[in-house]
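S.K.: Next comes the sequence, and after it the predicted model I'd like to discuss.
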Amino acid sequence: MDIVQIRDAKAGFSALVTAAENGRPTLVSRHGRPCAMIVPVADGARLYPLEMPNLANYLLALPEALETERDTTPLRGIDFA
């Protein structure tokens, strides 16, 4: 893994992106301490999925229609006394 100072990363950002596209991550440091990492999309997507799953998409993807019964009883009255 390559390590570059932040000022060098700014100057050669496109080269760092090209390296990430080719599967080589790069560690960016500030004052000798790691502060960021440029990684290939596939590696980053394992930690931060590009599409977050949600309940609606899960239910829509079910192979069969989801049959539910609705409770039609009226709501109870409210007494403000």
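M.R.: That came in fine, so what should we check first?
S.K.: part of a strand, is residue 29?
M.R.: Yes. Assessed with DSSP: H, G, I helix; E, B strand; the rest coil, residue 29 lies in a strand.
S.K.: how far away is it from residue 23?
M.R.: Look at residue 29 and residue 23: by C-beta to C-beta, to the nearest Å, they are 21 Å apart. In short, each C-beta sits where N, CA and C put it, glycine included.
S.K.: can you tell me which residues contact residue 33?
M.R.: Taking C-beta atoms under 8 Å, 6 or more residues apart in numbering, we find residue 33 in contact with no residue.
S.K.: Just list the residues touching residue 43, thanks.
M.R.: residue 25.
S.K.: hmm, 10 Å instead?
M.R.: Neighbour list for residue 43: 20, 23, 25, 37 [criterion: C-beta atoms under 10 Å, 6 or more residues apart in numbering].
S.K.: what's the answer for residue 60, then?
M.R.: So residue 60 contacts 54, 66 (C-beta under 10 Å, 6+ apart).
S.K.: got the residue ranges for the helices in this structure?
M.R.: Secondary structure of the chain, counting by DSSP state H: helices at 6-11, 13-21, 41-47, 55-60.
S.K.: Look at residue 29 and residue 23 and report which has more neighbours.
M.R.: residue 29 (15 against 10; other C-beta atoms under 10 Å).
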